[in-house]
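Novice: the sequence and its predicted three-dimensional model are supplied below.
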Amino acid sequence: MLKQLSVAVLTAAGLLLPAAADASPARFLDQSTIPDLQRAMDRGQLTSEQLTRGYLRRIEELNPRLHAVVQTNPDALAAAKESDTRRRTHSSRSPLEGIPVLLKENTDTADRQTTTAGSTAMLGSRPAKDAFLVQRLRSAGAVVLGKANLSEWSNFRSTAQIPGWSGVAGQTRNPYALDRSPCGSSSGSAVAAAAGLATVAIGTETDGSIVCPAAATSTVGVKTSLGVVSRGGVVPITAQHDTPGPIARNVTDAALTLSVLTGADPADPASAAATFPKDLRLDRNALRGKRIGVWRKGHTGIDQQSDRIFESTVHTLRSLGATVVDGADVEDISWSVKPDLLPALLTEFKHDLNAYLAATPGDHPRNLSELIAYNDQHRDVEMPLFDQNLFVEANATDGNLNDQTYRRHRAAATGIAQRSIDDVLASNGLDAIVTLSGLPASPLDRPGDPRFLSSTRNTSVAGYPNITVPAGFAGPLPVGISFLGTKYHDAQLLSFAYAYEQAIHARQAPRYLPAATG
C-alpha cells in the first residue's frame, strides 16, 4: 500500500484525481486505512497538505453530481500545513493527525464555516465555539475539511420529508446510482465517505440517520450508545436520542475516529456516564466462541437478493467461530411505542431546539415560532417539496420536560425499546444480534418498502449501539448488515464488525451510474 501511495503522490495534479472509479490513485486511496496514511506521512511519502488538496480537488470534481458537501473549510489547508510542521518538529497528537474529516452541517464550528442544519434560516448563525466533538478532532490534529449536506433539520421538519434534501444545498445523490436515495439524515456524510471526498465523515443519528445512509452507500456507520460522543454544539432534535458518530470506508477508520470523539463533556451529562475503552483493539478472531442472534422477522422474505446476502452473512459468522442462534427476533416496537414516543419527541424537540436557537449568536430565528414563520415567508426556497407539520406539532406542545405526563411518555418509550433488545439478549445468552440494516436503496421519488421493519427504532429509542458494515450488493446497490447490542457494548460490536469485514471485504467503490438497472 505504501508503494501505491507514493505513486499516487507523484501524479501530476493531486492525490485523488482523476475521479473515474477505475483510476489508480483514486482506487489506491479508496482502499487505504488511516494507519496506511499515517505510515506514509511518517515516512515522508505523503503530507497532510497533499492529502487535503487532493480531497478538495475531488470535491470540486464530484460534488456537482453528488451535492454531498455544502462547503469546504477555507482554513483547511492552513490546518494541514500546521499538522505537517508539527509532525516534522514534534510528534503526532493522535492517529487522526493530519487526517481530513468532514462534519455534518448541523455541527457547530466557530470559524468561517456556517452551521445551518440545512436551513436557509440559519445562514446568519455564528456559533460562539466549536462543538465538543470538533474540539476533540482539532486537539487530535485532524483537519476539518468542510461540512456535509443532510436532510434539513435532520429529517424532523415534516413527515413527508425527502431524505438528503436541504434548502441550503439541494438533493444529495447516491454515488452507486444517482437516481437512488442516499437515505438520511446524514446523507452527505455517508455519500462523501463512500465517494472518497474525505477520509472519514461525522454523522448524527436520532433514528436511523447514520445506519440507513451508511448501509445505502457501502460504508461503515457507527451509531453509538447514548452519550458515548457528546452532543454539545450539535443542532438538536432530542437529547434522549441524538448520537454523533463516524461514517467511514472501513471499520478501522471508524473505530480510530470514534476513539478520538469520545470523552466527558461537562455540558452533556450523558457523556460523563458513558464508557468506551481508550485502547480499543480490533480483533479478527473477535467472533470466535461468541453467541450471535439472528433477527430475520420483518427483515427477510421481502427482497430476494438481500436475503441471499443475509444468509451468506450467517454462514460467514459460523465460519468465524460464532455460535449462530436462530429465532432471535426483536419485537417490532413501531406500534407499541407510538402512543408515547411521538408526544415525547415533540416536547423534547421544542425544548431542545428553542434552547439551542436562543443560545446561538447571529442573525437567525430565536425560537421555533420564528422558524415556522420564516419558512412560511420563504416557501419557494424552504417548502417547494414538503411542509413543516412536525415543526407545527412540536410548537403546539409546552416544551416542558418537567411535566409529569411528558415524563411518563418518555419513560414508557425508552423502557419498551430497551426491553425489546435486552430480553432477547438475555433469554438466548447472546453477545450481539445481527440483522439486515436495510433493503437496497429505493428510487429518490419513492419511499422504501414499508414491509421492512428498521432495527434503528429499537436501538435509537433505547439509547443502544447499532453498527452497520457492508455485506454485499444487490445489482449495483449496496446492502449492509447491522450488529446491535445493549448499552455501552460499542467496542465489542466494533470488534465483531471488524472480524466480519476482514472475512468478506464486501465494499466496492461507487461507479456513479446514472440509474440502477439491476
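Specialist: Sure thing, it's come through.
Novice: use CA for all of it now, contacts and neighbours both
Specialist: Noted.
Novice: please enumerate the strands of the stretch 401-518 of the chain.
Specialist: Secondary structure of the stretch 401-518 of the chain (DSSP state E, counting those that start in this stretch): strands located at 432-436, 466-474, 477-484.
Novice: same list (those strands) but as JSON lines, adding distance to P213 and mean pLDDT.
Specialist: Shown next, in JSON lines, are the strands of the stretch 401-518 of the chain (distance: least, CA to CA, whole Å; pLDDT from 0 to 100):
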{"stretch": "strand 432-436", "distance to P213": "13", "mean pLDDT": "98"}
{"stretch": "strand 466-474", "distance to P213": "10", "mean pLDDT": "98"}
{"stretch": "strand 477-484", "distance to P213": "10", "mean pLDDT": "98"}
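Novice: could you dump these to TSV with distance to T238 and mean neighbour count?
Specialist: As requested, those are arranged in TSV below (distance: least, CA to CA, whole Å; neighbours: other CA atoms under 10 Å):
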stretch	distance to T238	mean neighbour count
strand 432-436	26	26
strand 466-474	18	27
strand 477-484	21	28
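Novice: and these as a markdown table, adding distance to H409?
Specialist: Listed next are these as a markdown table, based on distance: least, CA to CA, whole Å:
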| stretch | distance to H409 |
| --- | --- |
| strand 432-436 | 27 |
| strand 466-474 | 24 |
| strand 477-484 | 25 |
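Novice: of the ones you listed, which approaches N73 most closely?
Specialist: For N73, the closest of those is strand 466-474, at 28.6 Å, according to CA to CA.
Novice: which residues does the closest one contact?
Specialist: 211, 214-215, 218-224, 251, 305-306, 309-310, 313, 437, 440, 456, 459, 478-485, 493-494, 497, 501, 504, 506-507, 518 (CA atoms under 8 Å, 6 or more residues apart in numbering).
Novice: the residue lying farthest from the centre of the chain and D36, how far apart?
Specialist: Ranked by distance from the centre of the chain (CA atoms, centre = their mean), the top residue is T89, with 34.5 Å. Look at T89 and D36: by CA to CA, to the nearest Å, they are 21 Å apart.
Novice: could you do K290 as well?
Specialist: When K290 is compared with D36 (using CA to CA), they lie 30 Å apart.
Novice: more crowded one of those two?
Specialist: A count of neighbours by other CA atoms under 10 Å puts K290 above the other of K290 and D36, at 19 against 15.
Novice: contacts only, for the more buried one.
Specialist: Here K290 is in contact with 321-323, 430-431 (CA under 8 Å, 6+ apart).
Novice: rerun that using 7 Å as the cut-off
Specialist: 322-323, 431 (CA atoms under 7 Å, 6 or more residues apart in numbering).
Novice: hmm, back to that, just the buried ones from the contacts of strand 466-474?
Specialist: 211, 214-215, 218-224, 251, 305-306, 309-310, 313, 437, 440, 456, 459, 478-485, 493-494, 497, 501, 506-507 (16 or more other CA atoms under 10 Å).
Novice: returning to what we had before: filter the contacts of K290 down to the ones in helices?
Specialist: Among the contacts of K290, DSSP state H puts none in helices.
Novice: of these, which is the nearest to V191?
Specialist: For these, the nearest to V191 is D431 (30.9 Å; CA to CA).
Novice: how near is that closest one to R318?
Specialist: Taken as CA to CA, the span from D431 to R318 is 14 Å.
Novice: which of those two has more residues huddled nearby?
Specialist: Counted by other CA under 10 Å, D431 and R318 do not tie: D431 has more neighbours, with 21 against 18.
Novice: in contact with that one, which residues?
Specialist: By CA under 7 Å, 6+ apart, D431 lies in contact with 290-292, 425.
Novice: please, a ChimeraX command that selects the buried ones among those residues?
Specialist: Filtering the contacts of D431 down to the buried ones (16+ other CA under 10 Å) takes a single ChimeraX command:
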select :290,291,292,425
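Novice: pick the one among the contacts of D431 closest to K129.
Specialist: L425 (41.1 Å).
Novice: over to the residue farthest from the centre of the chain: give its phi and psi.
Specialist: phi -100, psi -20 (degrees, to the nearest 10).
Novice: and it, how close does it get to L96?
Specialist: For T89 relative to L96 (CA to CA), the value is 17 Å.
Novice: S334 now?
Specialist: 39 Å.
Novice: likewise A201?
Specialist: Distance from A201 to L96, by CA to CA: 12 Å.
Novice: same question for V191.
Specialist: V191 is 21 Å from L96, by CA to CA.
Novice: who has more neighbours, these two?
Specialist: V191 (36 against 26).
Novice: ok, and that one, which helix or strand is that part of?
Specialist: V191 belongs to helix 187-194 when assigned by DSSP states H and E.
Novice: now the element after that helix, going C-ward?
Specialist: Next along from helix 187-194, by DSSP H and E: strand 200-205.
Novice: tell me which residues of that following strand are tucked away?
Specialist: 200-205.
Novice: any idea how many residues pack against the closest residue to D329 other than its chain neighbours?
Specialist: Counting by CA to CA, 6 or more residues apart in numbering, W295 is the residue found nearest to D329 once chain neighbours are left out, at 4.3 Å. Using other CA under 10 Å as the criterion, W295 is surrounded by 21 other residues.
Novice: D279 too?
Specialist: Neighbour tally, D279, other CA under 10 Å: 8.
Novice: next, it: secondary structure please.
Specialist: Classification of D279 by DSSP: H, G, I helix; E, B strand; the rest coil places it in coil.
Novice: and it, how far is that from A255?
Specialist: Taken as CA to CA, the span from D279 to A255 is 11 Å.
Novice: ok, Q377 next?
Specialist: Where A255 is concerned, Q377 sits at a distance of 44 Å (CA to CA).
Novice: cool, and A413?
Specialist: Taking CA to CA, one finds A413 at 30 Å from A255.
Novice: and the helices in the stretch 201-350 of the chain?
Specialist: 211-216, 251-261, 269-273, 304-319, 338-359 (DSSP state H, counting those that start in this stretch).
Novice: let me see the residues that make contact with whichever helix in the chain runs longest.
Specialist: Longest helix in the chain, counting residues (DSSP H): helix 404-428. Applying CA under 7 Å, 6+ apart, the contact partners of helix 404-428 are 328, 330-331, 333, 337, 340-341, 344, 401, 431-432, 458, 461-462, 486.
Novice: compute the inter-axis angle for it and helix 338-359.
Specialist: 120 degrees (axes from the mean of the first three to the mean of the last three CA atoms, to 10 degrees).
Novice: chain center to helix 404-428: distance?
Specialist: 24 Å (CA atoms, centre = their mean, to the nearest Å).
Novice: report the buried residues of it.
Specialist: For helix 404-428, a neighbour-count test (16+ other CA under 10 Å) marks 406, 409-410, 412-414, 416-422, 424-425 as buried.
Novice: closest to P447 among the residues you listed?
Specialist: A417 (24.6 Å).
Novice: and the closest one, how far from W153?
Specialist: In terms of CA to CA, A417 sits 24 Å off from W153.
Novice: over to S319?
Specialist: 43 Å.
Novice: higher neighbour count, the two?
Specialist: W153 (21 against 13).
Novice: in space, what's closest to the more buried one - neighbours in sequence excluded?
Specialist: For W153, the spatially nearest residue (CA to CA, 6+ apart) is A117, at 5.1 Å.
Novice: residue contacts, the one you found?
Specialist: Here A117 is in contact with 105-106, 152-154, 235 (CA under 7 Å, 6+ apart).
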